[in-house]
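S.K.: just the structure for this:
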Amino acid sequence: MSTDLATLAADPERIESLPPDALPGLIGEAAALQARLWARLQSAGAPGGASPDQRATPEGDELLTAAQAAALLGVDRRWVYRKAKAGALPFTRRLSTGTVRFSSRGLERWKEARR
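M.R.: So this is what the prediction gives:
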């Protein structure tokens with residue numbers, strides 16, 4: 001018997017009857033759904049006075065990974081993470097605890113300002 005996330009959301013008690021081998025797939029689906037929900041929240045803008053690192057990304061702006069941002073800056077990925085953690089990169093976007101991305105437009109503006 002196959003169970004999907006919609007079925008479990010409607011009846012969470014069914015979780016107890018799931019076979020253990022079905023759990024990793026469902027957990028992966030739930031994580032993917034959560035990531036899409038976070039992305040949607042970011043694109044809509046966080047309600048109630050979002051902090052600068054939680055504002056919606058403007059149209060045409062791309063959220064970059066640390067590796068992508070590092071390549072554009074010509075630095076190591078670890079440098080990008082260290083500076084982002086220290087709050088030194090204003091183009092950092094915190095999506096959730098431990099998950100950051102970097103605004104491509106913000107990165108370009110930052111590079112221009114530093115020339």
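
S.K.: the lengthiest helix in the chain - contacts with which helices or strands?
M.R.: Secondary structure of the chain per DSSP state H: the longest helix is helix 23-44. Helix 23-44 sits against helix 5-10, strand 92-96, with contacts defined as 3 or more C-beta pairs under 8 Å, 6 or more residues apart in numbering; DSSP states H and E. For the C-beta atoms, the positions are set from N, CA and C on the backbone; glycine is no exception.

S.K.: show me which positions of the last one end up buried.
M.R.: Translated: strand 92-96. By 16 or more other C-beta atoms under 10 Å, the buried positions in strand 92-96 come out as T92, R93, L95.

S.K.: ok, back up a step: which one, of the helices and strands packed on helix 23-44, ends up nearest to A67?
M.R.: Comparing the helices and strands packed on helix 23-44 against A67 with C-beta to C-beta, the closest turns out to be strand 92-96 (14.5 Å).

S.K.: enumerate the positions of the helix or strand just after the closest one that are buried.
M.R.: Using DSSP states H and E, the next helix or strand after strand 92-96 towards the C-terminus is strand 99-103. Residues V100, R101, F102, S103 are the ones in strand 99-103 that count as buried (16+ other C-beta under 10 Å).

S.K.: which members of those are the farthest-apart pair?
M.R.: Longest span within the buried residues of strand 99-103, C-beta to C-beta: V100 and S103, 10.7 Å.

S.K.: shared neighbours, those two?
M.R.: Counting by C-beta atoms under 8 Å, 6 or more residues apart in numbering, the shared contacts of V100 and S103 are T92, R93.

S.K.: format the buried residues of strand 99-103 as TSV; extra columns: pLDDT and distance to A6.
M.R.: Shown next, in TSV, are the buried residues of strand 99-103 (pLDDT from 0 to 100; distance: C-beta to C-beta, whole Å):
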residue	pLDDT	distance to A6
V100	90	31
R101	92	28
F102	92	34
S103	91	34
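
S.K.: what score does R109 have for pLDDT?
M.R.: Per-residue pLDDT puts R109 at 89.

S.K.: residues in contact with it?
M.R.: F91 are the contacts of R109 under C-beta under 8 Å, 6+ apart.
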